[in-house]
Every structure is written in structure tokens, then in C-alpha cells.
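Generate coordinates for the sequence data below:
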Amino acid sequence: MKRLVVDPIRCDAFGYCAELAPELIHLDEWGYPVVERAITKGDRDLVTMIIKACPRRALLLIED
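Numbering: from 1, shown residues only. Down below sits the predicted model:
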């Protein structure tokens, strides 16, 4: 199973990922992304797009 994780050191809380994938990510009270759930096969294209869209490259897809 794959998980989308946020590197808190790299993230600047722009919020692009939450705008592009609100079904997967919401923002905490400081504007940092929180991943809602595990990534399914149907989410792969969306996840690839938001990883590439992150200006700080703070999103990573890892294998559990």
C-alpha cells in the first residue's frame, strides 16, 4: 500500500495540494497539508499531479 506523506521541513504551506485534491488533503490551522486517507490505485494520477505541482517538492509517495 502506498501513502502520501508531507515533508514538514520542505513545506511552506502554500496550500496548492489541498486546492488540487480536497478529497485527499485538508489544511490544518497553520495552513499545512494533512493527508486524509491511504492512496488507492484510482488516486495515482491525481497524486502524481499534486506531487509535481508542489513548488517545494514536499510531497512524497512511499510504500508501506
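
For the longest helix along the chain, list every residue counted as buried.
Longest helix of the chain, by residue count under DSSP state H: helix 44-53. Going by neighbour count (16 or more other Cβ atoms under 10 Å), the buried part of helix 44-53 is Val47, Ile50. Where you see a C-beta, it was placed from the backbone N, CA and C, and this is true even at glycine.

Following that helix in sequence, what is the next regular element?
strand 59-63 (DSSP states H and E).

Just the buried residues of that following strand, please?
Neighbour-count burial for strand 59-63 flags Leu59 (criterion: 16+ other Cβ under 10 Å).

how about Arg3, secondary structure?
strand (DSSP: H, G, I helix; E, B strand; the rest coil).

Tell me how many other residues crowd Leu4.
23 (other Cβ atoms under 10 Å).

Give me the local confidence score for it.
Per-residue confidence (pLDDT) for Leu4: 96.

and it, bridged to which residues?
Leu61 (DSSP bridges).

residues contacting the closest residue to Ile51 other than its chain neighbours?
In space, and not counting its chain neighbours, Ile51 is closest to Leu59: 4.7 Å by Cβ to Cβ, 6 or more residues apart in numbering. Remark: with contacts taken as Cβ atoms under 8 Å, 6 or more residues apart in numbering, Leu59 is in contact with Leu4, Val5, Val6, Asp7, Cys17, Pro33, Ile50, Ile51.
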